[in-house]
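Asker: Turn this into a structure:
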Amino acid sequence: MYLEILTRILSTSPEIKLFSSGLITSVLFSISITFLALCLIYLFHERYHYIYAIAWMIVLFILFSSQIIYQDIFRTFYFVQSITHVDQGLSFRSVVISAIFRNLWWMILSLLIIGIYLYIEIRKRKKHLMNRYSWKTKTLFISSFFVLFIVSHFLSILFVNSDERKHEMYFHAYAKNYAVEKLGLFTTFRLDLQRNVTGWTPIIDVATKEPEHNEKEEPPTYENENKEDKKEEKIEQNKLDIPFDELIEETSEEKITQLHRYFQQKEPSNKNEFTGKFKDYNLIWITAEGYAPYAVHEELTPTLHKLSKESYQFPNFYNPLWAVSTSDGEYTILHSLVPKANDWSFSRSGENDVPFTIGNQLKEKGYETKAYHNHTYDYYDRDISHPNMGYDYKASGNGLNITRMWPRSDLEMIEETVAEYIDKDPFHVYYMTVSGHLEYNFIGNQIAQKNRKFVDHLDMSEESQAYIAGQIELDRALEALLNQLEEKDILDETLIVMTGDHYPYGLENDTIEELTGEPVDEKFDIYKNEWILYAPEMENEDVVIEEPTYTLDMLPTISNLMGLDFDSRLFMGRDVFSKEEPFVVFEDKSFITKDIKYYYPNDEVIPINDQDISEDELKAMQQKTDEIFYYSTLILDYDYYSTITWNKEDGKDEVNE
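Answerer: From the prediction side, this is the model:
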């Protein structure tokens, strides 16, 4: 109970509160698990009880302290699966050590409590005050503790079932921070362990109704505005000729059938004036570590400023933070799917067929496709996920030779790699940068040290200065990239796409407020980011998408802009230039539409344009959110894309990916 309360006091998550009904739940579960621990301890000789008790307390201390330190760094708690990748986490030793020092006071206090208990038990034994029990007495204790465990656990479940949100977190959903708020850290971890062992998939009340129209019907047609002409204009759609009816008949797997029916009844997006606008262009796609709009300064980062201002504009673009940090961020960007709870989705995807990633789509079109990362090549298992997306992949330790420092230089990565693809026609390159990584200081961050002279004059905190100094390296890298494209006279034939992997959560909220000049809204606006979509010809265009957009929209939008043959129904995001309604979801199942923001933890509806929505409309949106999470998980778990067949444009060759 002490550790549960400590977690609530120390948490940086806005969802987790000290005084809430979730505290009662965590106390009830603490009592329950303590009775079970006592039951097990009394199975052994009383001479060793204190040893087992100390061992149990140390296990709890390690679990809670590691989770709290992880949350201090990443603003979320880790999954059980992350323990198997602890060696990767330890590569950020300086970051971990800094977090430990920030939390040293309560860690010492917790160890002191364990030490006091140990001291008392040793003193008792020296004075021969140790209790001895007959087997009858011990059997009575064990059976009593077990009954108390069952009763207290039953009462805990009753309390969980009395609250719809607790019930949702315990039995169905899995938003890490919110689960800790509603159930407590130990119970959340225990559920995570159970689900990891059993291969759990969330269950929701999904719609599996028959489609309203026959799959083979022609797309809808609309009358030309000239009524005298009475011509009908055929609207083309971004969809493939997938024989869903046949696929449903051929499968005996219920989950695959659910997926077929779900995608069959979804309406494909229409092709539009932006379809194929950048067909046959080279494509450079960048996920920039810790990038956010407040990294952009006209004088300090002129290239970022140019790309930002001359790009298509997405003023309401969101980059949600997911449980596995950068890896989940990349996954949403490159797959247009929500990551699976309690799993490393990007790593898992490396075992599946993923024909609709931009790398595989363009590789099939004859593009040279390469991917680079200036950190360790197998971090987050990128050596598995990236080749599977169609890339010839290089990173530090796997063919990319750049100066060993922390973090490594984005500029060096560009200078080292451009020559490998710039003479290819056409090419697609994916970069994952690292120079903008936390921590933001001038002690352990060598990129910030390198660029410190450019930010020393700023009337800002050291953390703000160090953050901007890290992004200056990204700016220099982009400058070098644009210069080389221009020298080869191919900049006009190249589309550049960029956003951050997540907002820079390594910054204190006060620092973010200092950089933005306004208060931080931790519900939604903290996740606002920038989507750079740039080609030189855009300089004279005025394209602004005011509707909410997010990372899952990037893949379908770029697929449409590149004029690729894809099925818009198979993505959880949308082509933002289509007429499809915007829908942005977050890890805790909050969402944003064109009319409202819905904050799940508080069951709060925030109107955007003073338009009220009914309870039924809200429930429909919540159902849609559940389906996005549910079907994203099934696609990953059941390698869904490998089950699809479709006909190519010429109608002759059937492709079975």
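
Asker: Mind checking the pLDDT average for stretch 439-457?
Answerer: For stretch 439-457, the mean per-residue pLDDT is 96.

Asker: Tell me the buried residues in that stretch?
Answerer: Across stretch 439-457, burial judged by 16 or more other Cβ atoms under 10 Å covers 439-442, 444-448, 450-452, 454-455. All C-beta spots, glycine's among them, are computed from the backbone N, C-alpha and C.

Asker: Format those residues as CSV; extra columns: secondary structure and distance to residue 147.
Answerer: Output for those, formatted as CSV (DSSP: H, G, I helix; E, B strand; the rest coil; distance: Cβ to Cβ, whole Å):
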residue, secondary structure, distance to residue 147
439, coil, 50
440, coil, 53
441, coil, 54
442, coil, 60
444, coil, 53
445, coil, 56
446, helix, 60
447, helix, 60
448, helix, 59
450, helix, 65
451, coil, 65
452, helix, 64
454, helix, 68
455, coil, 64
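
Asker: what's the closest of the residues you listed to residue 390?
Answerer: Using Cβ to Cβ, residue 447 comes nearest to residue 390 of the buried residues of stretch 439-457, at 30.0 Å.

Asker: these two touch, right, that closest one and residue 403?
Answerer: No - checked against Cβ atoms under 8 Å, the pair residue 447 and residue 403 is beyond contact range at 10.6 Å.

Asker: where do the contact lists of these two overlap?
Answerer: Both residue 447 and residue 403 are in contact with residue 409, where contact means Cβ atoms under 8 Å, 6 or more residues apart in numbering.

Asker: Output the longest strand belonging to this structure.
Answerer: strand 368-376 (DSSP state E).

Asker: buried residues in whichever helix or strand comes after it?
Answerer: Once the chain leaves strand 368-376, the next helix or strand it forms, by DSSP states H and E, is helix 382-388. Applying a neighbour-count criterion of 16+ other Cβ under 10 Å, one finds 382-386, 388 buried in helix 382-388.

Asker: Let me have those residues in a markdown table, extended by distance to residue 343.
Answerer: What follows is the buried residues of helix 382-388, written out as a markdown table (distance: Cβ to Cβ, whole Å):
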| residue | distance to residue 343 |
| --- | --- |
| 382 | 16 |
| 383 | 18 |
| 384 | 14 |
| 385 | 13 |
| 386 | 18 |
| 388 | 16 |
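
Asker: which one of these is nearest residue 417?
Answerer: Closest to residue 417, out of all of the buried residues of helix 382-388 and judged by Cβ to Cβ, is residue 386, at 14.0 Å.

Asker: in the protein, what spans have low per-residue confidence?
Answerer: 89-91, 130, 203-233, 648-657 (pLDDT under 70).

Asker: mind giving me the domain split of it?
Answerer: 2-198, 274-579 (automatic domain parsing).

Asker: Single out the most deeply packed of these.
Answerer: Ranked by mean neighbour count, the domains of the chain are led by domain 274-579 with a mean of 20 (mean count of other Cβ atoms under 10 Å).

Asker: Return the residues in contact with residue 569.
Answerer: Counted by Cβ under 8 Å, 6+ apart, residue 569 has contacts 239, 263, 266-268.

Asker: quick revisit: of the buried residues of stretch 439-457, closest to residue 529?
Answerer: residue 440 (17.1 Å).

Asker: Looks like that closest one contacts residue 452 (just checking).
Answerer: No - contact criterion Cβ under 8 Å: residue 440 and residue 452 do not qualify, at 11.9 Å.

Asker: Find the residues that touch each one of the two.
Answerer: Counting by Cβ under 8 Å, 6+ apart, the residues touching both residue 440 and residue 452 are residue 466.

Asker: If we ignore the residues flanking it in sequence, what's nearest residue 477?
Answerer: residue 410 (3.9 Å; Cβ to Cβ, 6 or more residues apart in numbering).

Asker: which stretches of the stretch 401-550 of the chain form strands?
Answerer: Using DSSP state E, counting those that start in this stretch, the strands of the stretch 401-550 of the chain run over 427-432, 494-500, 532-534, 549-550.

Asker: sorry, that was for the stretch 1-150 of the chain
Answerer: So, for the stretch 1-150 of the chain - with DSSP E, counting those that start in this stretch - there are no strands.

Asker: residue ranges for the helices of it, please.
Answerer: 2-10, 21-41, 49-74, 80-83, 86-89, 93-102, 104-126, 135-161 (DSSP state H, counting those that start in this stretch).

Asker: how about these, which one is nearest residue 429?
Answerer: The nearest among the helices of the stretch 1-150 of the chain, by Cβ to Cβ, is helix 86-89 at 24.7 Å.

Asker: contacts for the closest one?
Answerer: By Cβ under 8 Å, 6+ apart, the list of residues contacting helix 86-89 reads 82, 96, 376, 379-380.

Asker: repeat that with 10 Å
Answerer: Residues from elsewhere that reach helix 86-89 (Cβ atoms under 10 Å, 6 or more residues apart in numbering): 66, 70, 73-74, 78, 82-83, 95-96, 376, 378-381.

Asker: closest to residue 371 among the buried residues of stretch 439-457?
Answerer: Nearest member of the buried residues of stretch 439-457 to residue 371, counting by Cβ to Cβ, is residue 447, at 21.4 Å.

Asker: residues touching the closest residue to residue 37 other than its chain neighbours, list them.
Answerer: Using Cβ to Cβ, 6+ apart and skipping the chain neighbours, the partner closest in space to residue 37 is residue 56 (5.5 Å). Residue 56 is in contact with 33-34, 37-38, 40-41, counting by Cβ under 10 Å, 6+ apart.

Asker: do the same with residue 269
Answerer: 237-239, 275, 556-557, 560, 567-569, 571, 574-580.

Asker: any idea how far it lies from residue 346?
Answerer: 25 Å (Cβ to Cβ, to the nearest Å).

Asker: for residue 391, same thing?
Answerer: Where residue 346 is concerned, residue 391 sits at a distance of 13 Å (Cβ to Cβ).

Asker: what residues do those two have in common as contacts?
Answerer: With Cβ under 10 Å, 6+ apart, residue 391 and residue 346 have common neighbours 382, 385.

Asker: In JSON lines, list the domains of the chain along with distance to residue 634.
Answerer: Compiled in JSON lines, the domains of the chain are given as follows (distance: least, Cβ to Cβ, whole Å):
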{"stretch": "domain 2-198", "distance to residue 634": "14"}
{"stretch": "domain 274-579", "distance to residue 634": "9"}
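
Asker: between those domains, which gets nearest to residue 601?
Answerer: Closest among these, using Cβ to Cβ: domain 2-198, at 4.7 Å.

Asker: From start to finish, how long is the closest one in a straight line?
Answerer: This stretch, domain 2-198, spans 30 Å end to end (Cα to Cα, to the nearest Å).

Asker: returning to that earlier point: how about the residue nearest to residue 477, what does it touch?
Answerer: 286, 288-289, 374, 402, 431-436, 447, 470-478, 480-481.
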